[in-house]
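**Student:** With the input below, show me the fold.
(one chain, ligands or ions: 1)
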Amino acid sequence: MFQHNFIWGRCWTLSVIISVSAYPRPLSNIVFIMVDDMGWNDVSFHGSNQILTPNIDNLAYQGVILQQYYSEAICTPARTALLTGKYPMRLGMHGNPLFNSEDRGIPLTERLLPSYLKELGYSTHLVGKWHVGMSKEEYLPTSRGYDTHYGMRGGYIDYYTYNKVETWPNGRLMFGLDLFDNAIPQVNEDRYIVDALTDKVVKIIHHHNTSRPLFLHMTHNAPHAGNSGGALQPPLHSTVKHRHIANSDRRLYAEIVTQIDRSVGRIITALAEKFILHDTIIVFASDNGSPTVGSLRNWGVNLPFRGTKWTPWEGGVRVPAFVWHSSFTPRVWNGLMHITDWLPTLTAAAGGKLNKEIDGVNQWDAIVNDGDSKRNEVLVAVEDNASNMYAAYRAGDYKVIVGNVTGLNNNHYGAELLINKAQPPAYYPSLRSCEVAKIFDLMGIYLDQQHVEATRKAATIKQLDQVKDQNLCIPTPTRGCLFNVRQDPSESHDLWNRANKIVVLLTSRLRALWAMQTRRSPPNLRNESDPANFDYVWTPWIKSKNADDVTVWPLGGVNEEFNFSLNISQNKTMKKDTTKAVVINCDGTTGIKNFLCLLKSVF
Ligand SMILES: [Ca+2]
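**Tutor:** Numbering: from 1, shown residues only. As a prediction, this is how the structure comes out:
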């Protein structure tokens, strides 16, 4: 049933920081493992035997599987949401992911998750991808709350050369190393990147001083494509297996996913060896759905969801996720959750309390006690560039998508990738023989096959609504699409014309949220960022720490044509965007019919 108790009246006030009021007990360690571009159908606990992920699955079955978990559709917005607890559209960090050569980052006025945990006494480490600002030192992880960072600062790297190759819209090509141990470029690195990152995580765990709690944030680059247009890059130290998979690209993808699963096994083993696993909260989540097709495709599969990464459909934003702690009663939790919830949730788990209004809500008690979700709505997507202006919003079981999605991947993809030409390996023996299972056995945590079967069944998406539109709904300038995504998770049965009251409620709330965004300027790509200027290493090229001397996001609130501006050195004005009035009045100065006007035209 549609739920009417929306939090329409939630105000947006920025007040003070966290109050440190820890529970009188040792603080749990937190290990947050984020994988990059992994689709819903790429872990075996969701029901498929094609790619087995036994280590991941053991944790999932003994933890709380987050069945209604929404991330953002793209890397940079997802990480912004995780780290700030805010919808990225409030910060001008929605939409396009950052170029390495772009002078942009999470605004320095924002305080990030590791900073809060640090205040609570945590030792804080980031291992892996950053992708929320690298043009100057102030944007880097070690300036934003992490004690250490080992990994890459941009969006993705080659799995073997650790180079990021970047092509500008005008064809200009830049390339260079993007792998650092804090400030030191790793020019002599020679390991497979998944292994190099895992080795570092294991090392941090082994050397951790247990007098302090540990926050270890691991952000794999895998299974994101290492380079655009090339073959995927599985480990070279083993032959390609997964011979049961018919599609060869999918086989390469499976090899990478298997290596991620092994990485999880190594991390859990290290925590056990350190005798801290029993009081460590483990989070596992993908940052967005798979790009099954299109640019930087990785042959992951989001089915039965519709769409891919970089789309507002479920396939772009509903991702594998769970949280584990040894004290949990294992279950599938069907509460609505958003990536912004981790900041207040993990802060609460650590005994802190957040005294400021953000979009994220504390779900810790609900997760631990199998309670109702603390949220009734999710702003799924806001995109406002000139070629595509669209938004998606879910309240209760209903989701609305409006705007222009022309050119996006709006269909269902990857059915051919799920074809097996032979029987896949047996599932249950793999579950029993993997590293995590062995560790759990030693801890007295046993996997019951009946529980596995029941949990796996509950974690498998079911299409309850059997009515399927002849043509999948695509929003037009005069109408959007409405789905009951609990009944119709594949977004195949449009209800726009059948549920006018729900449409009005959802679009009115969406309209209010849309008006709160900080509009983005065109990407500010800079010639001086070229790694060729720095011995082919991606290096912060803005050296000044004086905020008056650097361009600080947002540049301005002008909704203009989406054209790339190179070397805009004259535009150094920091101007807080207050476009709400502009949007509501459908101000004509921008030259583009804005989204709110579109909504008004509908009603
Ligand atoms: Ca991603």
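**Student:** And residue 462, how far from the ion?
**Tutor:** Taking CB to the ion, to the nearest Å as the measure, residue 462 falls 27 Å from the ion. (C-beta placed from N, C-alpha, C; glycine too.)
**Student:** Let me know the secondary structure of that residue.
**Tutor:** With DSSP: H, G, I helix; E, B strand; the rest coil as the basis, the three-state label of residue 462 is coil.
**Student:** show me what contacts it?
**Tutor:** Contacts were defined as CB atoms under 8 Å, 6 or more residues apart in numbering; by that measure residue 462 touches residue 489.
**Student:** Give me the pLDDT value at it.
**Tutor:** Per-residue pLDDT puts residue 462 at 96.
**Student:** And for residue 556?
**Tutor:** 28.
**Student:** just use 523 as the starting number from now, easier for me
**Tutor:** In the new count, where the first residue is 523, that last one comes out as residue 1078.
**Student:** Grab the nearest non-local neighbour of residue 884.
**Tutor:** Spatially, and ignoring its direct neighbours in sequence, residue 884 is nearest to residue 866 (4.2 Å; CB to CB, 6 or more residues apart in numbering).
**Student:** Let me know the average pLDDT across the host helix or strand of the one you found.
**Tutor:** Using DSSP states H and E, residue 866 sits in helix 864-871. Average pLDDT, helix 864-871: 97.
**Student:** Output the contacting helices and strands for it.
**Tutor:** Counting contacts by 3 or more CB pairs under 8 Å, 6 or more residues apart in numbering; DSSP states H and E, helix 864-871 packs against strand 551-557, helix 597-606, helix 635-641, strand 802-808, helix 886-891.
**Student:** Any chance you could list what contacts that helix?
**Tutor:** Contacts for helix 864-871 (CB under 8 Å, 6+ apart): 540, 550, 552, 554, 604-607, 635, 638-639, 642, 803, 805, 875-876, 880, 882-887, 889.
**Student:** try 7 Å
**Tutor:** For helix 864-871, the surrounding residues in contact (CB atoms under 7 Å, 6 or more residues apart in numbering) are 540, 550, 552, 604, 607, 635, 638, 803, 876, 880, 882-886.
**Student:** By neighbours, which of these wins?
**Tutor:** residue 607 (30 neighbours; other CB atoms under 10 Å).
**Student:** low-confidence ranges in the stretch 523-672 of the chain?
**Tutor:** For the stretch 523-672 of the chain, applying pLDDT under 70 flags the ranges 523-548.
**Student:** Close to the ion: what parts of it are there?
**Tutor:** Residues of the stretch 523-672 of the chain found near the ion (CB under 5 Å from the ion) are 558-559, 597.
**Student:** buried subset of these?
**Tutor:** Those of those that meet the buried threshold are 558-559, 597, by 16 or more other CB atoms under 10 Å.
**Student:** pLDDT at the residue in the stretch 923-1072 of the chain that the ion sits nearest to, what is it?
**Tutor:** Per CB to the ion, residue 931 is where the stretch 923-1072 of the chain lies closest to the ion, at 14.6 Å. At residue 931, the model reports a pLDDT of 98.
**Student:** That one - how many residues pack around it?
**Tutor:** Residues near residue 931, counting by other CB under 10 Å, number 23.
**Student:** For it, give me its contacts.
**Tutor:** 815-816, 829-830, 833.
**Student:** Same question for residue 802.
**Tutor:** Each residue near residue 802 by CB under 7 Å, 6+ apart is listed here: 550-551, 553, 793.
**Student:** State the distance from residue 955 to residue 947.
**Tutor:** For residue 955, the distance to residue 947 equals 11 Å [CB to CB, to the nearest Å].
**Student:** which one of these two has more residues nearby?
**Tutor:** With neighbours defined as other CB under 10 Å, residue 955 and residue 947 compare such that residue 947 has more, 14 against 10.
**Student:** Would you confirm that that one contacts residue 575?
**Tutor:** No - between residue 947 and residue 575 there is no contact under CB atoms under 7 Å: 11.9 Å.
**Student:** which bits of the chain sit near the ion?
**Tutor:** Contact residues (CB under 5 Å from the ion) of the chain with the ion: 558-559, 597, 809-810.
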